[in-house]
Structure formats: structure tokens, C-alpha cells
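In: Pasted the sequence and its predicted model underneath.
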Amino acid sequence: METKRTTFNNRLLPYLLLAPQLIITLIFFIWPAAQAFKSSFEREDPFGMSTVFVGIQHYQRLLEDPNYIDALLRTMVFAVCVTSLAMILGLAFAAAVDRLTRTSRIYTTLLVWPYAVAPVVAGVLWWFVFNTSTGLLPFFLQKIGFKWDHDLNGTHAMILISIAAAWKQISYNFLFFLAGLQSVPHSLMEAAAIDGSGPVKRFFTISLPLLSPTTFFLFIINVNYAMFDTFPIVDATTAGGPAQATTTLVYKVYQDGFVGLNLGSSSAQSVMLMMIVMVLTFVQFRYVERRVQY
Amino acid sequence: MAGIHIAGVSKIYTGGVKAVNSVSLDIADGEFIVLVGPSGCGKSTLLRMVAGLETISEGEVSIGGRVVNRMEPAERDIAMVFQNYALYPHMTVYQNLAYGLKNRGTPKAEIDARVAEAARMLEITQYLERKPRALSGGQRQRVAMGRAIVRKPAAFLFDEPLSNLDAKLRVSMRGEIKRLQRRLGTTSLYVTHDQLEAMTLADRLVVLSAGQIEQIGTPLEVYHTPASTFVASFIGSPAMNLVSGELHGDRLAIGPAVFDLKGFAPTSGPVTVGVRAEDLRLARAGESSMPFRVDYIEELGSQRLVHGTVGDQTLTAAVPAETQLGDDLHLAVEVEKLHFFSKESGRRIADRAPQSVARMEPVGAA
């Protein structure tokens, strides 16, 4: 498709219009990232009085630190849980709404709402629902003989942050899946129906394969979301506990840097995190995208 | 192999709009029926009701003696070819053809054999491993046909299958569809808005207008004895000329011209007269004729279409290509070639003037 090219008479105007976004990106992203990159090779004393260049020492220590390796594995578990939960439920909701005709707009609006909720608020919300003394869910779980305690049980805590993190992302996935499903030509479904394929089989043999570009895109977005953007949710629900059972990589960056004031190591961790995401995205594009073409 | 029986079928949408109004049609085993009409006449809706893609509001459809009103499309033993082909884009041609058989649990060996046979018949064997996007329009059309024939259904349903092809390909695919249908002998119901396609393909054609059947007949019957002004203007190219005339006894006045019908008097008073362009010819000297003022001429190579007016009514005449033409002509017509339609209902009045009785005679020219 050809995009329309707009020409400005004033040579400065385009730069002026771009400026706000560029300035924000520079100040809040590029600059801190560069700072983090720089300080990942330095050791600074807690009072900021002296800074020593230490080369790749922080990185070496990180890779030898069992706590860091644990956090890495934990983050992987978390990312897999959040991504699969958010994508499967998003797809299920989209498939359900796609079958509706008149009420689909109402359900779409309702299902998109969680996306407008701030992450911290979402975290607090689920913290209330799962609260061991006042929450609704532990109350009902107790009735069926299950003792819920995310304050002591690390697995429970991980389930809690996975649900809280996935809940917000379901809306996003739902919207993309719904748009994808609605763009599958109606005649394909009719042809498949005549070809003797029932609704469930049609979904798995026609709709789902045709959704593969959407699925691939959402997969990358969701993995990145789980690794990068879930700090507020962890912080508001479990604060990394119990016994670091929910300390993901991004939460560890915050803890070591802002709580432990180990700025060098924290910077090195954030650089590592960035590299992990870059490698993941590269691998995904390189090996998965080939298979979604049709 | 089976016939299709459609009895009093209607489609009523919420709000009371009748898209198809009480249509009855009997299709014999192996017959090729074409539903033709302008857009919005309900022809596709009717086809989709037979296919099971639309619910039937009223009436009954049976295929091969089984009432299929409540059956799923898959159970109706039909195959459909869609306007946009509806090929599964993520499957190879082979998988596209095999999909319907696989869903029905056909053994692998038989699937292979049937796909190979269909591919050979349609000459798409070398494309079996390709995806539809790597095929041209005509090849996709063949694959769509192939998907229909591998299943060996009781009936083929075609929903404007050729309208996405260019003109040349359309003509050759038209021939292929006809040949294939003859060879397989499968009952076929074909929807098109193209009257030429309808004429060339159909054993019988069904002309629909506003959800109702205007006429059912063989292509020649419909062409030569259109049941209404609607059919007359829809079938045939150029469209049949329809002009107002007046009958007084066996005298017919069209504008300033008067024709003697020689004792043939189908009605009296105002009437719509239909005459095909190719039935009009230049009058010989002394012959009874209509004065005709030429507006413009279309060259078709084999003949010329002359557009102009008689009195204040427009008319088109087809004349041989080599004819010399001035601005003012005189047109004559054999009286038995005239069609008479009611001015009010547009329905046909009586048959044509019998050939033996009415012959064009000079009127007032002697």
C-alpha cells in the first residue's frame, strides 16, 4: 500500500511536531538506558562519593550468583504462565464473542475494560481477592478443603502474580484475536461447513491457522510484557516474596538498585534483561515467523 | 445423483423483508439449472438456502428425495463453488481437495485416488503441492471446482463462480464447467447475473426478479417468448426494444408508423411492443416502416448496433456491418417477430402473430 506523503512548506515544522515524542524518548528512555549501560561497568559507593571502573566484574558475579540464576528461571516460569494464560483466555473470549451478533459490542467493551486499569490497581485488586484473611477466593477454597496462603507458599504467590499479570493482558489479546477472527472470510467458514467440518473443527483447522500471524505477534508482545512490564503487579501484590519466590528479573533490578543501593549490579541486570528480550525477539522472528506464512 | 425439489420456499428477514417469495422449482436429476437476475433479486439467497447456509423461512427443499430443511450443510450431500473460491489459504491444493473427504473419514488411499482423478480432470496435477496464493485466478477457479467434484456430491451449487475472472478466461471456464457437468452428469444449480452465462450454460434457466420467479424455460424459450417485459429486457444483448404502441383491431401504431397485423388482434388499446434489435432491418422501398433518427452507432465488427429514436421512443437496431447508413433511416420488422406485453402488468399477451396470417404488407404506400 502506498502511503500518502505530506510535504510541509516550513522546514522546521516537521521537527517541531516530532519534538515532544523525541524529547520524551530521549529523557526517559535513551538517557537512562545509556546511564545504566555506563554504570554497569562501574562501582559506586552508597553515598555517591566515588566511582570506580570495574569492567565486566558485575556481569561475571551475576552469572555466578545462584540468586540471579533462580530469578532467571523464575522469570521464565512466570513468562510462560502469563503468556499462555493471557493468550488462551484472550482467544477463548474472542472466539466466544465472534459467534455473537447483536451483543458482541457490549461484551467487547466489557472485556477491554481491564486494560484501562493501572497495573498497580490491578495488583491491589487481586491482592484483595486473594487476601488470606479477608479475600473471597481463599474463603471459598477453604470450603473445598484447600488452604490458600500466598504469604507463606511460594507457588501460591507465583500463581497469584501470574493471574494478576495475565488478567490485564487478556483484554489486549482479546482485541487482537477478535479482529483477527473477524477478518477470516465468511465464505471460508461456509466452505468448511459444507466440507463436513463442525464448529470446533473449523476453529482449529481454519480459524486458528489463519490467525497465526496475530498469534505470533501477541506471543512476542506477551513475553516482553511478562518480562518487562510486570513490576507494579509484583510490587503491589507480593513484593517479591515470600522468600524471593516471586522475585522476577525486573523486580530484582529494583530491589538490588533502589532498595539495596547496589547500583552497579542493578544496572548490569537491567542491561542483561534488555539483551535477553532482544535475543528472544530475534529468535522468535527468525525461526517462528517463517512458519506462520501462508 | 439426485434431483432437487423446491416447494414454496421463502426467505423472510426480521422486519418482514421478503428476499425470496414463495419460489417453487423442480430440478431433474442431472439437469443444469441457472438462476439469473439482477443484484438483489434473491438468487443467491435461494442458492444458500438450498446449501443450508441460510435458514428456510417457509417452504421445503428436498435433495434426492430427502427433505433437508433441518439438515446441516455437510449432511445435504452438496458441494458449492463460491464467487471468491473460498480456498483455504494455509493449505496446499492437495489439502484443499482432501479436506472434505478427510472430515468424512475417507480412507487415505481413496482420498489419494479421488484427488488424483479430479486433478487430472481439471489439469491441476502439477500444482497439487502449491498454496492457493501461488496460483492464477483461473487455476484457483479449477481448484475450487476440484474441491466440489472430489466429493462426488448429489448436486453442485455455483454462486457466481466466474465473476472474478477476466472476460477471456470467463468464456473458456464457462465451456469447461459445461463440459465437466455433462461428463459427470451431476445436478447443478448455478447463480449468475450475467445473462450470457445463463444462456450458454443452462439446460433451463430461471429468471428471478424481486424474489419471485419471472419465467422458467430453456434458453431459447426464454429468449424467443419472454414472459414479461422484465425478462425481455434482461435476457439477450442488446436488450429487447420495448416501445409503447396502440392496437386498434389488427392495426398497430408505433409513433407515426402503422403496421397491419393481418387479422391478428391480441388485444386493443395501449400495449408495450417488444422487438429484438436483430429483428429490425432497413426497410425496402415501398415497404411499411418506421422513420428512425440515428443518434449513434456501435461497431461490433460482425454487425453494427444503431441507436436512435422513433418518434420520442428510443430503439436499437442491429444491421450488417457493411450497411451504408444515413442520419434518417426507415426500419421494418416482420410482424411475427413482434412481442406484445400488457401495459399495466408487463406480462406477455398471447403468442406472437402466426407467421402464415400476418405478413408485412405495405400500408398506405400503394
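Out: Great, that's in hand. Numbers count the residues shown, from 1 in each chain, chains lettered A, B, ... in the order given.

In: Restrict the lowest-mean-pLDDT helix or strand in chain B to CA atoms and write it as CSV.
Out: Across the helices and strands of chain B, mean pLDDT, DSSP states H and E gives its lowest value to strand B:257-260, namely a mean of 83. In CSV, the C-alpha atoms belonging to strand B:257-260 read as follows (Å, rounded to 0.1, in the frame of the first residue of the first chain):
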residue,chain,number,x,y,z
ALA,B,257,-45.9,4.3,-38.1
VAL,B,258,-48.8,1.9,-38.6
PHE,B,259,-48.4,-1.8,-39.1
ASP,B,260,-51.1,-4.2,-40.4
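
In: Pull up the residues of chain A that are close to chain B.
Out: Residues of chain A that fall close to chain B, judged by Cβ under 8 Å from any Cβ of the partner chain: A:185, A:187-188, A:190-198, A:201, A:205-206, A:209-210, A:212, A:294. The C-beta positions use only the backbone N, C-alpha and C, and glycine is treated the same way.

In: picking up where we left off before, sheet-wise, list the partners of the least confident helix or strand of chain B with their directions.
Out: As defined by DSSP bridges, the strand partners of strand B:257-260 come to strand B:251-254 (antiparallel).

In: roughly how far is the partner strand from the heart of the chain?
Out: 32 Å (Cα atoms, centre = their mean, to the nearest Å).

In: Same question for stretch A:123-143.
Out: Taking Cα atoms, centre = their mean, the mean C-alpha location of stretch A:123-143 is offset from the chain mean by 24 Å.

In: now swap in stretch B:60-79 and tell me
Out: Relative to its parent chain, stretch B:60-79 has a centroid offset of 25 Å by Cα atoms, centre = their mean.

In: Same question for stretch A:225-235.
Out: Counting by Cα atoms, centre = their mean, stretch A:225-235 comes out at 7 Å from the chain centroid.

In: With stretch A:176-194 instead?
Out: 28 Å.

In: now do the same end-to-end measure for it.
Out: 28 Å (Cα to Cα, to the nearest Å).

In: contact partners of it?
Out: Stretch A:176-194 has contacts (Cβ atoms under 8 Å, 6 or more residues apart in numbering or on different chains) with A:90-91, A:93-95, A:97-98, A:108, A:201-202, A:205-207, A:210-211, A:213-214, A:217-218, B:51-53, B:72-74, B:78-80, B:82-84, B:86, B:88, B:99-100, B:147.

In: on that earlier part again, which is the succeeding secondary structure element to the least confident helix or strand of chain B?
Out: strand B:269-275 (DSSP states H and E).

In: roughly how far out does that following strand sit from the chain middle?
Out: The answer for strand B:269-275 is 24 Å, by Cα atoms, centre = their mean.

In: strands paired with the helix or strand that that strand is followed by, and their directions?
Out: Once strand B:269-275 ends, the next helix or strand along the chain (criterion: DSSP H and E) is strand B:280-282. Note on strand B:280-282: by DSSP bridges, its sheet partners are strand B:328-333 (antiparallel).

In: is the residue lying closest to B:Ser345 once chain neighbours are set aside in a bridge, and if so with what?
Out: Closest residue in space to B:Ser345, ignoring its immediate chain neighbours: B:Ser228 at 7.8 Å, by Cβ to Cβ, 6 or more residues apart in numbering or on different chains. On the basis of DSSP bridges, B:Ser228 takes part in beta bridges with B:Arg347.

In: again, but for B:Ala317
Out: B:Val306.

In: what's it in contact with, if anything?
Out: Taking Cβ under 8 Å, 6+ apart, one finds B:Ala277, B:Leu280, B:Arg281, B:Phe292, B:Leu305, B:Val306, B:Gly308, B:Leu331 in contact with B:Ala317.

In: Could you check how far B:Met199 is from A:Ala226?
Out: Per Cβ to Cβ, to the nearest Å, B:Met199 is found 64 Å from A:Ala226.

In: More neighbours: the two, which one.
Out: A:Ala226 (27 against 19; other Cβ atoms under 10 Å in any protein chain shown).

In: tell me which element that one falls in.
Out: Here A:Ala226 is assigned to helix A:212-228, by DSSP H and E.

In: Just the CA trace of that helix, in PDB.
Out: The C-alpha coordinates for helix A:212-228 follow below in PDB (Å, rounded to 0.1, in the frame of the first residue of the first chain):
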ATOM      1  CA  SER A 212      -1.000 -17.500  13.200                       C
ATOM      2  CA  PRO A 213       0.400 -14.000  12.300                       C
ATOM      3  CA  THR A 214      -1.700 -12.500  15.100                       C
ATOM      4  CA  THR A 215      -0.800 -15.300  17.500                       C
ATOM      5  CA  PHE A 216       2.900 -14.800  16.700                       C
ATOM      6  CA  PHE A 217       2.700 -11.000  17.200                       C
ATOM      7  CA  LEU A 218       0.900 -11.400  20.500                       C
ATOM      8  CA  PHE A 219       3.300 -14.100  21.700                       C
ATOM      9  CA  ILE A 220       6.200 -11.600  21.400                       C
ATOM     10  CA  ILE A 221       4.200  -8.800  23.000                       C
ATOM     11  CA  ASN A 222       3.100 -11.000  25.900                       C
ATOM     12  CA  VAL A 223       6.600 -12.400  26.600                       C
ATOM     13  CA  ASN A 224       8.000  -8.900  26.600                       C
ATOM     14  CA  TYR A 225       5.200  -7.700  28.800                       C
ATOM     15  CA  ALA A 226       5.700 -10.500  31.300                       C
ATOM     16  CA  MET A 227       9.500  -9.800  31.500                       C
ATOM     17  CA  PHE A 228       9.500  -6.100  31.500                       C
END
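
In: Show me what that helix is packed against.
Out: helix A:66-98, helix A:154-182, helix A:249-254, helix A:263-283, helix A:289-292 (3 or more Cβ pairs under 8 Å, 6 or more residues apart in numbering or on different chains; DSSP states H and E).

In: Mind giving me the packing neighbours of the next helix or strand along the chain from that helix?
Out: Next in sequence after helix A:212-228, counting helices and strands by DSSP H and E, comes helix A:231-237. Packing partners of helix A:231-237 (3+ Cβ pairs under 8 Å, 6+ apart): helix A:119-130, helix A:154-182, helix A:249-254.
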